[in-house]
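J.: Everything below, folded, please.
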Amino acid sequence: MNAYHLVYICVLLCISACTKGKDEPEPEKARLSISDLSLAEGDEDHTASVPVHILGPSSSTNVIVNYSTLDGSATANSDYRPLVNEQLIFAPGETLKHIEISIIGDKELESNETFEVVLLNPVNAVLEKSRATVTLTNDDQQTTGALNIPSGGYTTPASYAGMDLVWNDEFQGNQLNEENWTHEIGNGTNGWGNNELQYYQPENTFIAEGEYLVIEARRQQVGGYGYTSSRIVTMDKREFQYGRVDIRAALPKGKGIWPALWMLGANFDTVGWPKCGEIDIMEIIGSEPNKLHGTAHWDNNGQHASYGQSASLNAGTFSDEFHVFSIIWDQNQIRWLLDDVQYNVIDITPAGLSEFRAPFFFIFNVAVGGNWPGSPDGSTQFPQHLIVDYIRVFQ
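T.: Here you go, the predicted structure:
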């Protein structure tokens, strides 16, 4: 073998060695995947175990991954104990570990809530599914304040001499008539301007026995608020200027409960409150369940002005039976009546009260808490119900 052949063989051996090294694939890295979990919230504190898997072949070295929790509708230290930059270590050959999270149980009715567990910064592994959703399902039930529809009470006629029935809602059927009503959602601005505590949602409105509108106030966690209720309006659907309005209703009660049957000027969206005017046909605060308030609000040279009077029952509360809350409104005055007995009147002929010579729409709601009634306390039973038999407008 001459020198040329020797060099040629060495070159081939070198190329072969180099090629062999390039053809050999690198070992497959462990693939980490975290699983979603759903469990009952429970009444007492307990533990959720969120599984983390190594997919594919197990690792011959330690696999390390960090993890943290992330708030969703469930919030740290209210619904669960947070974890921040904790570490999970898989020994060689291990393919399953669990992340243990403390769940805070309670007995409050609330919607299902979620939070996330996030995997971060893997060592000797790659992330195939790095986020898991933990769902805490509600398992609480209301135990007090069952719906009680009164069997009796005051009623008014379906017609009056010299007047026509121009609109009414008798709340018959199995759901709210959306040709008449729209739900307003949420907590508004600064608790609807009154520091109220509830979150308004459609789920708290229903038709009972095929003939009664019910708005239910609940102790329930939604949207970061501890109470829920409903607020429905006829804005842009049913608006009226003048006439007689009769609303037959039974009212809720309890500290911090604030039902209202009322009206705002149809120009509310353009001029705001109080320039639009407000007519409170019925308000009570639940700590005074036998005392009714009827009030008008308006703008007086840039300042809020109001005038109102109250009426009280001789016995019992407005929850015990149905009563009829009415106004009789024309271009000269507004009169308030309880069961056809007048208890308040305001002259609206002055130029400064022009708000009340324009169309208005209706609002029905049950607020919880706020500047006027204060917050519920341990004596307040939930749920509470505003029950409306009918609303009728005559002109």
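J.: Span of stretch 260-280 from start to end?
T.: One end of stretch 260-280 to the other measures 7 Å (CA to CA, to the nearest Å).
J.: Just the buried residues of it, please?
T.: Across stretch 260-280, burial judged by 16 or more other CB atoms under 10 Å covers 260-266, 268, 274-280. Every residue, glycine included, has its C-beta placed from N, CA and C.
J.: quick one: which two of those are the most distant?
T.: Using CB to CB, the buried residues of stretch 260-280 span at most 22.0 Å, a distance reached by Leu261 and Lys275.
J.: Let's test this: mean pLDDT of stretch 323-342, rounded?
T.: Across stretch 323-342, the average pLDDT comes to 98.
J.: ok, Asp106 - how many residues close by?
T.: If you count neighbours by other CB atoms under 10 Å, Asp106 ends up with 15.
J.: in a helix, that's where it is, yeah?
T.: No. Assessed with DSSP: H, G, I helix; E, B strand; the rest coil, Asp106 is coil; it does not lie in a helix.
J.: Name all residues that make contact with the nearest residue in space to Trp192 that is not next to it in sequence.
T.: Ranked by CB to CB, 6 or more residues apart in numbering and with sequence neighbours excluded, the top spatial neighbour of Trp192 is Ala367, at 7.1 Å. By CB atoms under 8 Å, 6 or more residues apart in numbering, the contact set of Ala367 is 192, 194, 196, 198, 229, 257-260, 373.
J.: Among the residues you listed, which one lies nearest to Tyr307?
T.: Distance to Tyr307, by CB to CB, is smallest for Ala260 among the contacts of Ala367, at 16.9 Å.
J.: before we move on, the earlier item: please narrow the buried residues of stretch 260-280 to those residing in strands.
T.: 260-265, 278-280 (DSSP state E).
J.: With pLDDT as extra columns, can I get the residues you listed in JSON lines?
T.: Converted to JSON lines, those look like this (pLDDT from 0 to 100):
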{"residue": "Ala260", "pLDDT": "98"}
{"residue": "Leu261", "pLDDT": "98"}
{"residue": "Trp262", "pLDDT": "98"}
{"residue": "Met263", "pLDDT": "98"}
{"residue": "Leu264", "pLDDT": "98"}
{"residue": "Gly265", "pLDDT": "98"}
{"residue": "Glu278", "pLDDT": "98"}
{"residue": "Ile279", "pLDDT": "98"}
{"residue": "Asp280", "pLDDT": "98"}
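J.: just those now: which is nearest Trp329?
T.: Ile279 (7.5 Å).
J.: didn't the closest one look like it was pressed against Ala296?
T.: Yes. Applying CB atoms under 8 Å as the test, Ile279 and Ala296 come out as touching, 5.7 Å apart.
J.: Overlap of the contact sets of these two?
T.: Common neighbours of Ile279 and Ala296 (CB under 8 Å, 6+ apart) are 334, 356.
J.: For Ala311, give the beta-bridge partners.
T.: Beta-bridge partners for Ala311, by DSSP bridges, are Leu292.
J.: if I look at it, how far off is Lys253?
T.: As judged by CB to CB, to the nearest Å, Ala311 and Lys253 stand 16 Å apart.
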